[in-house]
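Q: Sharing a model prediction with you, sequence too.
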Amino acid sequence: MQSIRKIFTALASMSLAVSSIALFALMLLTFCDVLLRSIFNAPIEAATELTRLAMGVVVFSALPVLSARDGHIAVDLLDFVFNRYGIARIRTSLISISCGLVLWYPANRVMQLAERARSFGDRTEYLGISTFYITWFIAIMLFLTSIILVSRGVLMLFFSNARKETPDV
């Protein structure tokens, strides 16, 4: 169990590192673009498309880790009812499973769009980067998030202490 936990922790760290590097690159790009635009009246031509690509990497590389840590925004209006009857764990696990199953459809659809972009040879406007690379990345991260949500929900449903023992990745 410890080796599996180490593997998941390493994968989560790698995913967050990718997200952090992309966010830093996005910050640096924005700073340089504003500086060049203001001082020399020479903006970075490809800043818009690089920003779009970096935002996709930032959001979708952090999504599996966020889901594993149960870090999604939740409204707790009825928590007292579920806690009173002792079914909060069941509610949370069923929500996690259903969200994971529902997320499978957009992941599959994004994969289809990636394949279509690859077959059409779609490229970005200024730099000519093939768009299917980022689209495949998004689809893979969505599939991974879906698997994590379903696994987490099943573990919470069948093992009462799974929430306490979920690795802090």
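A: Yep, it's here.
Q: Quick check, central residue of this structure?
A: L63 (2.2 Å; C-alpha atoms, centre = their mean).
Q: I'd like the distance from that one to D70, if you could.
A: With distances taken as C-beta to C-beta, to the nearest Å, L63 is found 13 Å from D70. All C-beta spots, glycine's among them, are computed from the backbone N, C-alpha and C.
Q: And for Q112?
A: From Q112 to D70 the distance is 30 Å (C-beta to C-beta).
Q: and stretch 92-103, what's its mean pLDDT?
A: The predicted model gives stretch 92-103 an average pLDDT of 96.
Q: Buried residues in it, which are they?
A: Residues of stretch 92-103 classed as buried: 92-93, 96-97, 99-100, 103 (neighbour count, 16 or more other C-beta atoms under 10 Å).
Q: for stretch 123-133, same thing?
A: For stretch 123-133, by 16+ other C-beta under 10 Å, it's 124, 129, 131-132.
Q: and what of stretch 65-76?
A: Result for stretch 65-76 [16+ other C-beta under 10 Å]: buried residues 65-68.
Q: for it, the distance to its chain's centre please.
A: Offset of stretch 65-76 from its chain centre (C-alpha atoms, centre = their mean, to the nearest Å): 12 Å.
Q: Same check on stretch 64-76?
A: 11 Å.
Q: how close does the closest residue to L127 other than its chain neighbours get to V34?
A: In space, L127 comes closest to A46 once its chain neighbours are excluded; the distance is 5.1 Å by C-beta to C-beta, 6 or more residues apart in numbering. For A46, the distance to V34 (C-beta to C-beta) stands at 15 Å.
Q: Since that was my last question, I'll sign off now.
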